[in-house]
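Student: Based on what follows, work out the 3D shape:
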Amino acid sequence: MTLLALPVHAPPGAAPVAPSVRTRVTVPLRFPDGYATTADVFTFTGLADGKEHLLLGLGDWRRALERSAGGGAAPLVRPHSECLTGDVFGSERCDCGPQLREAAERITDAGGFLLYLRQEGRGIGLYAKLDAYALQDAGLDTYEANLALGRGEDERDYTAAAQMLTAVGAERIRLLSNNPDKAAQLDVLGVTVTEQVRTGVHLSAANAHYLETKRDHTAHLLDLPVAG
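Tutor: This is a model prediction of the structure:
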């Protein structure tokens with residue numbers, strides 16, 4: 001483990017502490033299908049929301065940063081919002097687990113960063129997400145269900161993601177995401193998105209309506225088969 005800095009708690013009224021790398025540790029990863037890679041896992045202090053987000057450096061991320069600094073291709077980056085049901089238990093109601101697995105391999109090949117953001121259920125939390133699932137079973141779509149719970153359609157904020165990227169020197173990125181809101185937020189927060197790279201379409205019978213809703217309601221870049 002490389003301990004790079006310790007958390008600092010500012011006294012009341014003091015200026016906020018600038019986000020910085022707290023710890024870097026190397027972790028070998030192996031996914032259920034056998035794919036393996038190695039991540040340099042970063043923790044941080046001073047993030048805007050105080051949550052324990054992670055940044056995983058994959059592949060030759062150092063070379064990717066050097067290349068970007070010289071005006072070449074930026075590192076490939078995916079901000080991935082935590083999804084316990086999909087990432088851990090393999091739920092097919094969403095495409096989160098397959099997207100996480102895809103991102104690990106593509107970023108390893110290209111060199112870059114996978115951000116694991118503690119924003120379960122588009123920011124509403126695990127229990128509320130499961131409540132939203134129950135409303136979806138009653139006929140609401142994924143966004144309508146959040147609103148019916150008195151929450152926002154999507155409460156995710158990428159301020160901490162931008163801070164993490166800036167702290168490791170990734171101020172130019174190629175964004176691995178189908179979600180245009182991620183690109184828009186990061187751009188406003190000072191991270192230049194030089195290219196938005198689509199993920200694959202991980203379609204199943206259980207998530208077809210979910211993916212269609214993301215495409216039609218929030219302009220996700222998804223090429224789905226036409227019903228007919």
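Student: Test for you: state the pLDDT assigned to the residue nearest in space to the middle of the chain.
Tutor: Most central in the chain under CA atoms, centre = their mean is His80, positioned 1.8 Å from the mean C-alpha point. pLDDT recorded at His80 is 96.
Student: Which secondary structure elements does the helix or strand harbouring it sit against?
Tutor: Assigned by DSSP states H and E, His80 belongs to strand 76-81. If contacts are counted by 3 or more CB pairs under 8 Å, 6 or more residues apart in numbering; DSSP states H and E, strand 76-81 sits against helix 96-110, strand 112-117, strand 172-176. From N, CA and C alone the C-beta is placed, and that goes for glycine too.
Student: any idea how far Gly50 is from Arg151?
Tutor: Using CB to CB, to the nearest Å, Arg151 is found at 20 Å from Gly50.
Student: Give me the phi and psi for Asp137.
Tutor: Taking degrees, to the nearest 10, you get phi -60, psi -20 for the backbone angles of Asp137.
Student: ok, Arg151 and Gly50, which is more surrounded?
Tutor: The neighbour count for Arg151 versus Gly50, taken as other CB atoms under 10 Å, is higher for Arg151 (19 against 9).
Student: give me every residue that touches that one.
Tutor: Contact analysis of Arg151 by CB atoms under 8 Å, 6 or more residues apart in numbering lists 124, 128.
Student: How about the secondary structure of Phe42?
Tutor: Three-state call for Phe42 (DSSP: H, G, I helix; E, B strand; the rest coil): strand.
Student: buried sites along stretch 177-188?
Tutor: Neighbour-count burial for stretch 177-188 flags 177-179, 182-183, 185-186 (criterion: 16 or more other CB atoms under 10 Å).
Student: Also stretch 112-124?
Tutor: Buried residues in stretch 112-124, counted by 16+ other CB under 10 Å: 112-117, 119-124.
Student: Could you count how many residues lie near Ile58?
Tutor: Heads up, residue 58 is Leu, not Ile. Count around Leu58 with other CB under 10 Å applied: 27.
Student: Tell me where the protein has strands.
Tutor: 2-3, 20-30, 36-45, 54-58, 76-81, 112-117, 172-176, 192-197 (DSSP state E).
Student: Buried deepest among those, which one?
Tutor: strand 76-81 (a mean of 26; mean count of other CB atoms under 10 Å).
Student: got the angle for that strand vs strand 112-117?
Tutor: Orientation note: strand 76-81 sits at an angle of 10 degrees relative to strand 112-117 (axes from the mean of the first three to the mean of the last three CA atoms, to 10 degrees).
Student: Extract the C-alpha set from strand 76-81 and format it as CSV.
Tutor: C-alpha atoms of strand 76-81 as CSV (Å, rounded to 0.1, in the frame of the first residue of the first chain):
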residue,chain,number,x,y,z
LEU,A,76,-10.2,6.2,-21.6
VAL,A,77,-12.4,6.9,-18.6
ARG,A,78,-15.7,5.4,-17.3
PRO,A,79,-17.5,7.0,-14.4
HIS,A,80,-19.5,3.9,-13.2
SER,A,81,-22.3,4.5,-10.6
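Student: Go ahead and name everything in contact with it.
Tutor: 64, 96, 99-100, 103, 106-107, 110-117, 119-120, 122-123, 156, 158, 161, 165, 170, 173-177, 182, 186, 197, 199.
Student: For Arg118, which non-adjacent residue is closest in space?
Tutor: In this structure, Arg118 finds its nearest non-sequential neighbour in Lys51, 4.5 Å apart by CB to CB, 6 or more residues apart in numbering.
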